[in-house]
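Trainee: Task: produce atomic coordinates for the following.
(chains A, B, C, D and E, ligands or ions: 4)
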Amino acid sequence: MVRVILRRLVQLVVTLIALMTLVFFWLRSLPGGPVDALLGERATPQTRELLTRALGYDQPIWVQYGRFLKNVVTGNFGNSIRTGEPVMDVISRSFPATIELAVAAIIIAIGLGIPLGYVAARYRGRLLDNATIIVTLIGISIPIFFLGYLLKDWLTQDIHFFPPSGRITTGLGNTDVTGFFVLDGLLTREFDASADALWHLVLPAFTLATIPLAIIIRITRASVLDVLDEDYIRTADAKGLRNATIRKRHVLRNALLPVVTTIGLQTGALLAGAVLTEKVYNWGGLGTLITDSISGGRDYPVLQALILLAAVVFIVVNLLVDLSYAIIDPRVRVQ
Amino acid sequence: MSDALLEIDDLKVHFPIKSGLLFDRTVGHVYAVDGVSLKVRRGETYGLVGESGCGKTTLGRGLLRLVEPTSGTITFDGTDVRALQGEKMRLFRRRIQMVFQDPMSSLDPRQSVESLLVEGLKAHGLHKDKADVQRRLRSTLDSVGLPASALNNYPHEFSGGQRQRIGIARALVLGPELIVADEPVSALDVSIQAQVINLLGDLQDSLGLTYLVIAHDLAVVRHISDTIGVMYLGSLVEEADGDQLYERPLHPYTKALLSAVPIPDPQVEDRRERILLAGDLPSPAAPPSGCRFRTRCPWSQQRCAEERPELRVFDDTGQRVACHFAEEILRGELEMHDVRAELVRPDSDTAPAVGAELIQTRTDLPAP
Amino acid sequence: MTGGISTLADHKRRRIEELTARTSEAGGVSLIRDAGRRLLRNPTAIVGGAIILLFLVIAIFAPLVAPHDPVQRFPELTRDLTVDSIPGATAGHPLGSDPLGRDFASRMIYGARQTLFVGVLATLIGLLLGVLLGAIAGAVGGWVDVLIMRVTDVMLALPSLLLAITLVALASRSTQWTVIIAVAVVNVPIFARLLRGSMLAQRESDHVLAARALGVKRRDIVLRHMLPNSLTAVIVQATLTFAVAILDAAALSFLGLGDPDINRAEWGLMLGVDGVRYFEVRPELAYFPALAIIAVALGFTLLGESMREALDPKNRR
Amino acid sequence: MLDVRDLSVVFQRKGTRPVTAVDGVSFTVEPGQTVGLVGESGCGKSVTSLAIMGLLPRRGNTVTGEVRFEDTDLLKLRPQDLRDRRGRDIGMIFQDPLSSLNPVIPLGVQVAEVLERHQGRTRQAALREARGLLDAVGIPDPARRLKEFPHQLSGGMRQRALIAIALACKPRLLIADEPTTALDVTIQAQILTLLKELVDDSGTALVMITHDLGVVAGLCDTVNVLYAGKVVERAERHDLFAEPRHPYTHGLLQSVPRLDADRGGRLHQIRGSVSDNIPWPEGCAFAPRCDRVIDDCIGDTVPLEPTYRGGALRCTNPVPQEVPA
Amino acid sequence: AESDRDSGGDKGAAAGTFIFAGAGDPKNFDPIFNDDGESFRPIRQMYDTLVTHKPGTAELVGGLAESWENDPTGKIWTFKLRQGVKFHDGTPLDAAAVCANFDRWYNMKGEAAQSQMIYYTDVFGGFAGSPDAVYDNCKAQDAGTAVVTMTKYKGAFPGAFTLTAFSIASPAAMKQYAADTVTQNGDSFSYSAFANEHPTGTGAFTYGGWNKATGEITLNKNPDYWGDKAKVDKMIIKVIKDENTRKQELRAGTVQAIDFPAPADRKALADEGYQVLNRPAFNILYLGINQKNPKLRDLRVRQAIAYALNRAQLVQTKGPGGAVVADQFMPNTVSGYAPDVQKYDYNVEKAKQLLADAGATGLTLNFYYPTEVSRPYMPNPQEIFTVLANDLQAVGIKVNGVPRPWNGGFKDDVQQFGKQDLHILGWTGDYNDPGNFVGTFFGRAKVEFGDAAMSDMFTAIGKADATVDQAAKKAAFEQVNRDLAAKWLPAVPLWHAPPAIVATKNVQGLVPSPLTAEDFNTVSVTK
Ligand SMILES: Nc1ncnc2c1ncn2[C@@H]1O[C@H](COP(=O)(O)OP(=O)(O)OP(=O)(O)O)[C@@H](O)[C@H]1O
Ligand SMILES: Nc1ncnc2c1ncn2[C@@H]1O[C@H](COP(=O)(O)OP(=O)(O)OP(=O)(O)O)[C@@H](O)[C@H]1O
Ligand SMILES: [Mg+2]
Ligand SMILES: [Mg+2]
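Mentor: Ligands and ions are numbered 1, 2, ... in the order given. Presented below is the predicted three-dimensional model:
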């Protein structure tokens, strides 16, 4: 098991280095870029040249690459072009926001998805099942930014039920302890702030959860149906076990195996969905950071670090999922 | 013997077990075939029996070089098969053909019977003359008892027995000298088995084929074979003429095997003395020292653990056996003793292997 | 023995004779056609197929169906057009105007064309590249396989939409093709792996072994046995990918990374740009393209899933 | 004790023709008796056994007839009541031991849960008892096996575990559906011996389902031969093997190579294959493959008629009895 | 629950707090290192400039300097400073402090720092040692009088002194927090503690913190302010990048004012009772014509293009509320605006005629337009392009649209390489000076317009710009504008679009500035 983890980590590092190198050279080969971004309409040949030299863009590309590698290895991703802050600061500030949102979404997706999928499977072919299937199909087919717009329009404008955007009411979010506002409120005993942050979380989390939710429902349903067809369920029936026992002990655990994998794969969808959701709800997380870094002038340092981070998160989560798979499925344990 | 069409000497097929941090290293081997020597005479049927996992299939594939043997020599009609390279090997394949166990999976479901049969001809440049090809196909189909109209149909439209006939026709169409049949009937219903067994016999008579038949059903093997080799865990433990083997099994494993085969006759069954073997076949990745069979052998002795018995000619009947104590057992000088069943871990893992791939697959939309 | 079946009802006798000498004249139903038959019996597939067919027809005959040219600006519409009011339905313009005074209904109709074009092309390009890579990896094996797999690892290290966003952001020049290529590239590793995995499985299969034993050339084995048998999974995946491709293209438009040419009537673009921008002024500008996208995505998903079901060996016979 | 009367199972799936998998099967089992059900793949053996146990999938099938087990008709029992009897009064062993065991639950629990359910044991007590059971079926080092998972055992050991589960509550009837088909002959011999011992020791009645006539020959008291969902012949085992009357049974016995017979030569062949059954209900399904077919075989339904030896036969033109020399 | 939520906004905004939604993050708070409106917004509240504008106009009035004087050579500027003004750190504002600021700029070391002083480079030409440097020295004549000497006259002054970038900061604080250390790191720069955490000026508000996680900049009332003291105790600038969301927050009552509402929303918001405050337009959107293309060197072709454009309709259908058709390259508030320039009213026939006369029928032009951008003068470039292209096609000019991302090559292609035949671009004025408009565009040969040999245009503008006498200068620029329209037509002015601020009803005293340079000390919020 340790070997497997080690092996995967080594592969991860190799993948990341390749990814970084790729991104670096690609970014440098593009027109426009930071110089333009920094100077705006007021660029004169003079200021351009100054800036190009200051940023070291006049040096040979491999010198730049060497410097970049050295910096990355020492954990220094440079400063954001847009804000001048160290990239690490920018990212570590946005990271909790996205995690807070993603965790809430995944809680919704799992918390609703597994029971709904299970119920649909139990009432297979009935109205409830068919309704669930149709709703999930639509859930998969709807552009989530559009859904976000609809929800926002209905629930924050037509009726002022939820706040339209942001993570917390202006002026309340001063407690910067962990960066997770819901948690911060609890830690500093400002329960008002906590409740307020939670209230802000509802709509974005639901929007972001749509696709994973639909997918988890479908996978759970399919998986439960598959398991119900398995020989060992027949064995359990032949033992005369009670229905409840069979469901709890035999069906659910086996049915969850593919669901676990799906959840891992959905982290990818979550990261991507966060970009859209955060834009809709002005949620100051990584997604917003990505959009800003792209449209606000190709903020290379931030982009590079973000791409790397997304890859790390995605790969690590999948590693964790595989490991948790190994924990639920004893067959995987013997290596 | 000079009339040997096929001669295998000390053939070994070892599969490496790989694992490693970044690059795979070989951490062990599956000793699937571990030193097998045998001869198949022209025109005879050589039957190979043994329990599942003992290496029969691997031996069959190894001698066709469908898996590359680790060591040993294969001589076919004077040709050193292992020395053949590339195009030479490819063209040589025409002379040895194979019939597979599962008549469904061994036929490409997307190809009609015609294209299945023509494929071999094409590979050997025999497809140029259209009329000749048609003649050839028809006669081959006819010889396996299928109508010519079958040419346009697809494998899944046939019953199991018919599919197996197609498989045989595919092997026959190239006019091979040796046919290696890997469990040709074990996937078939009992009532169909006989049809295929008879067919194989008829073809041998009419075409003078030589067979190497692999099976786990001793009764079937005995019915069709002239010579029978008994395999256990990668090696031959006994070899004899079919009747001889039945009359006088020398190796303890053969004895046990014979006594375990059920016979559809209550009177025989009621009278039978069974030699019940304890436990399972050990893993070919970690075979026992000395005699491979000693862990389950009721006659095993100290020596069996220390020294691996050679397959030796037992007497002038030509029967060969790999047991140190064959004589003693035959003469009843050795007492049977109890064998404690050892737990054998299955080595084939059915569960997905974590770590095999960085990320296995990814789909944005789920499987339903 | 087989003597006296003389008094039997004729049809029964004939049937028995047929069966006795069964030659399987079942009528040459190939595997695919068999799956096709199952598909035609599946209501899910029919609904999915019908939706797609409908849109396909609209797309193909757009010039006949659409009342107007999708890029023409109508004086009678621009007359009432201001930033904060966009004319609704009028005579001759059943869905009214778009923000530039063009006939919205015509744009919706031509949208089918563009949208399917984007989805289909993105999928096909992804499919083509993926199949190529996967086939090479699966057929050649060895270090080529390792290399290709590591490359797909790198691509898979980013979630798909993120990868597409990155690609578009990294493109020096954005056109409709940038979007198509980005969405296509995202799917390359998926197709490649799917095909490779399936081909590796095929490589071990008995019928490939049989072909090797026949002495069939390696190239023929790959092209005639391994590839065709591996393609089903890929085709199913491709059908599902259409839906994702259309949605991804819409998401890119929403992020401002889509096709910059707003003359092009493409639903994703219409929804992601105008739909969102003028949501309050004229919500239909968002609702219509959104519904159309949902319908098409739904159609492809339904069709893909029923294809998967139909091709699943578990359901055969 | 078990009296199956006119059991029929019809499968009907949307858009397909109904399939009569089991067609009027009747047989009885007395306490302590071993009854064999023999037939080729697809003849309805498994469906029969599942119908008896009430384990057929809930949807898409119709079961008619009667399954009297000690005076209750199992088909009429409420599902809860049937559950009380399954595993306690009737045990069952399946063909594929790996897939029939839950891969993610330790063996101990899988054995113990039957005891908990039917005998009200606590988990601890049940596990202790489970250890004894595993020991009894010949699984080495049972204490450790309790914590292990099915995939860690070999095929033979898995089948033993399945037997331990089936016999845990000392049922009066045991149904074994091809318990050795997936195993090697040497292992098959182990399992058959084990079954025989257990049945002999406990007086449990056994319904043995198999396609291997050899297995039946050594084990069963009475044998039912099934073809296309119908019992075509029933006889005491010595009678059946000595003088098979139905052309199918006869052909079958003739067509398998026997280890103890002379080798070589042609085997007797049965034409065609199982899928060549006639598609209408009235005639004999075997007719198209039968060498002894006559007009009557196709005309009317051929009834299952008792033979004077206490067996039964469904044939209009049976193989003539040989006059003892 | 509804009413609960409604009052939610007030929870954070206790009485006396004014929340303003800005459209982007500031960079930092050191005035000299900034050049964008979002950074200037908070800086302006914390700092003052020597000269400033009368609220709501572009008219110059005294800031930290009560008055200023220029000698006849135009090189020496004498500032009489306001008495008793103190920086937030308590140190006094005197002539020495002013000169310290000028000297700091001039003597700034390091390419990193210099490259970030966009406005300084632009206005003052260069740094110590550079031959182009406009600044010479600054002398504290007495505590209340600072004398700044330039190397030459520059028309930008005194307007340029109003630039927020040239705000006067506390020398003590700058020293304490090492304001001059700008270091390059990776692809960008890090700034000093002064710039990030300790901005110290003389403004009406003091720095109260920047919560980057929520995008909130807090400013506190400066009780010791020399001018009108702030009416609220606290103001928060909340960064909301999406225009739609800004509007929604306004409606939800969680902010009291928003900048840059979407053009499409203005009317609805006004109808709902919000105050939509239009800033007098101080910008220009133009269609650039590149004379690198020989066909376009013909004035008749350029005029044809001007006639072809239905600018009235463009303004009606795409112009933000209050936008007006532009007939010259500066808004009418700037001195030098000529009311009587030649007009090019929409006239398809005339356009066709002119094209025919010039032998330029069947013209095909590459039209570059930016994507991924929205500017106050150009809320939606793609739509504007589409409308213009349409008009051009109607007179028989084939248009080949080339979209390029704003930061991904548009400016490169247009201003560096001049690949385009036509393009759209615009400008927001920095200070009230005609040179800041026409001088920037047409004062010298630029790739953007094809380096054309319009030497008389360059000379005329250069001369106008160098005129010291204000009246003469005004007249010179009026002539420039007339000639631009009639003789040169290097581009077609399209519109002036007033950017708006929208505020809730309970906000009073918010005065929109044409230069988007609002001071919030006048703002009060009633309950
Ligand atoms: N490609 C392979 N890689 C690793 N191990 C293999 C491979 N092929 C076969 N083996 C192992 O080699 C051993 C012998 O396998 P083989 O298939 O030859 O047995 P067999 O006698 O034909 O069994 P069966 O009766 O089940 O077909 C088995 O333990 C199997 O797991
Ligand atoms: N759930 C089902 N739905 C439809 N048909 C079924 C179902 N289960 C079984 N059948 C059909 O019923 C017939 C009898 O099947 P059964 O499994 O009893 O055969 P069997 O004798 O046990 O064969 P085997 O030896 O292969 O186990 C087969 O033709 C099968 O196709
Ligand atoms: Mg084998
Ligand atoms: Mg069965």
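Trainee: burial of residue 199, as a residue count?
Mentor: Defaulting to chain A. Other residues near residue A:199 number 19, with proximity taken as other CB atoms under 10 Å in any protein chain shown. In this view, the C-beta of every residue, glycine as well, is placed from N, C-alpha and C.
Trainee: wrong one, I was asking about chain D
Mentor: The criterion is other CB under 10 Å. On that basis, residue D:199 has 20 neighbouring residues.
Trainee: cool, and residue A:308?
Mentor: Residue A:308: 20 surrounding residues under other CB under 10 Å.
Trainee: same check, this time on residue C:68
Mentor: With neighbours defined by other CB under 10 Å, the count for residue C:68 comes to 17.
Trainee: Which of the three states applies to it?
Mentor: Following DSSP: H, G, I helix; E, B strand; the rest coil, the label given to residue C:68 is coil.
Trainee: swap in residue B:37?
Mentor: Residue B:37 is classified as strand under three-state DSSP.
Trainee: The residue nearest to it when sequence neighbours are not counted: how many residues sit nearby?
Mentor: Spatially, and ignoring its direct neighbours in sequence, residue B:37 is nearest to residue B:9 (5.0 Å; CB to CB, 6 or more residues apart in numbering or on different chains). The local packing of residue B:9 (other CB under 10 Å) involves 14 other residues.
Trainee: Which strands or helices does whatever helix or strand residue B:9 lives in pack on?
Mentor: Using DSSP states H and E, residue B:9 sits in strand B:4-19. Packing contacts for strand B:4-19, counted by 3 or more CB pairs under 8 Å, 6 or more residues apart in numbering or on different chains; DSSP states H and E, involve strand B:25-41, helix B:56-63, strand B:71-76, strand B:210-215.
Trainee: Mind putting these into JSON lines with distance to residue E:158, mean pLDDT and mean neighbour count?
Mentor: What follows is these, written out as JSON lines (distance: least, CB to CB, whole Å; pLDDT from 0 to 100; neighbours: other CB atoms under 10 Å in any protein chain shown):
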{"stretch": "strand B:25-41", "distance to residue E:158": "79", "mean pLDDT": "89", "mean neighbour count": "19"}
{"stretch": "helix B:56-63", "distance to residue E:158": "95", "mean pLDDT": "93", "mean neighbour count": "24"}
{"stretch": "strand B:71-76", "distance to residue E:158": "97", "mean pLDDT": "94", "mean neighbour count": "17"}
{"stretch": "strand B:210-215", "distance to residue E:158": "103", "mean pLDDT": "94", "mean neighbour count": "25"}
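Trainee: So for residue E:367, which of those sits nearest?
Mentor: Ranking these by distance to residue E:367, with CB to CB as the measure, places strand B:25-41 first at 62.3 Å.
Trainee: Run the contact check for that closest one versus ligand 1.
Mentor: Yes - using CB under 6 Å from any ligand atom, strand B:25-41 reaches ligand 1 at B:30, B:32.
Trainee: Next SSE downstream of that strand?
Mentor: The first helix or strand that comes after strand B:25-41 along the chain, using DSSP H and E, is strand B:45-49.
Trainee: Check whether that next one comes into contact with ligand 1.
Mentor: No - Strand B:45-49 stays out of contact with ligand 1 when judged by CB under 6 Å from any ligand atom, the minimum separation being 8.7 Å.
Trainee: so how far is the strand holding residue B:9 off the chain centroid?
Mentor: For strand B:4-19, the distance between its averaged C-alpha position and the chain's averaged C-alpha position is 13 Å (CA atoms, centre = their mean, to the nearest Å).
Trainee: Can you pull the phi/psi pair for residue B:80?
Mentor: Its backbone dihedrals place residue B:80 at phi -80, psi 100, with angles given as degrees, to the nearest 10.
Trainee: Touching, it and residue B:74? I think so.
Mentor: Yes - proximity of residue B:80 to residue B:74 meets the contact threshold set by CB atoms under 8 Å, at 7.4 Å.
Trainee: Name whatever forms a beta bridge with the residue nearest to residue B:37.
Mentor: On the basis of DSSP bridges, residue B:9 is bridged to residue B:73.
Trainee: Residue 194: how many residues sit nearby?
Mentor: As the question left the chain open, I've gone with chain A. Residue neighbour count, defined by other CB under 10 Å, stands at 21 for residue A:194.
Trainee: Chain B, not that one
Mentor: The number of residues packed near residue B:194 is 25, by other CB under 10 Å.
Trainee: and what of residue D:11?
Mentor: One way to gauge burial is a neighbour count; for residue D:11, by other CB under 10 Å, it gives 17.
Trainee: roughly how far apart are the closest residue to chain E within chain A and residue E:195?
Mentor: Among residues of chain A, the one nearest chain E by CB to the nearest CB turns out to be residue A:78. It sits 1.7 Å away. Using CB to CB, to the nearest Å, one gets 18 Å for the distance from residue A:78 to residue E:195.
Trainee: and if you look at residue B:250?
Mentor: Between residue B:250 and residue E:195 the computed distance is 96 Å (CB to CB).
Trainee: Verify the stated contact: residue E:249 with residue E:256.
Mentor: No - Residue E:249 is beyond contact range of residue E:256, at 10.0 Å (criterion: CB under 8 Å).
Trainee: low-confidence ranges in the stretch 51-200 of chain E?
Mentor: Within the stretch 51-200 of chain E, the segments meeting pLDDT under 70 span E:186-187.
Trainee: For it, which segments count as strands?
Mentor: E:51-53, E:60-62, E:65-70, E:76-81, E:135-142, E:145-150, E:183-185, E:188-190 (DSSP state E, counting those that start in this stretch).
Trainee: Check which helices and strands the fifth one is in contact with.
Mentor: The one in question is strand E:135-142. Going by 3+ CB pairs under 8 Å, 6+ apart, strand E:135-142 lies up against helix E:95-106, strand E:145-150.
Trainee: what residue ranges in the chain score low on pLDDT?
Mentor: The chain I'm using is chain A. Regions of chain A meeting the criterion pLDDT under 70 cover residues A:1, A:4, A:30-34, A:36-44, A:173-176, A:296-298, A:332-335.
Trainee: oops, chain C please
Mentor: Counting by pLDDT under 70, the ranges of chain C that qualify are C:1-34, C:172-173, C:312-317.
Trainee: Enumerate the residues of it near chain E.
Mentor: Taking CB under 8 Å from any CB of the partner chain as the measure of proximity, chain C contacts chain E at C:73, C:78, C:81-85, C:99-101, C:172-175, C:256-257, C:260-263, C:273, C:276-281.
Trainee: buried set for the one helix or strand residue C:45 maps to?
Mentor: Residue C:45 is part of helix C:43-60 when elements are defined by DSSP H and E. Neighbour-count burial for helix C:43-60, counted by 16 or more other CB atoms under 10 Å in any protein chain shown, picks out C:44, C:45, C:46, C:48, C:49, C:51, C:52, C:55, C:56, C:58, C:59.
Trainee: The next helix or strand after that helix - contacts with which helices or strands?
Mentor: As assigned by DSSP H and E, the chain's next helix or strand after helix C:43-60 is helix C:62-65. Contacting helix C:62-65 under the criterion 3+ CB pairs under 8 Å, 6+ apart are the following elements: helix C:104-140.
Trainee: list the helices and strands the very next helix or strand once past the helix it packs on packs on?
Mentor: Tracing the chain C-terminally past helix C:104-140 and defining elements by DSSP H and E, one meets helix C:142-156 next. Here helix C:142-156 touches helix A:2-28, helix C:104-140, helix C:176-203, going by 3+ CB pairs under 8 Å, 6+ apart.
Trainee: out of those, which comes closest to chain B?
Mentor: With CB to the nearest CB as the criterion, chain B lies closest to helix A:2-28 of these, at 3.7 Å.
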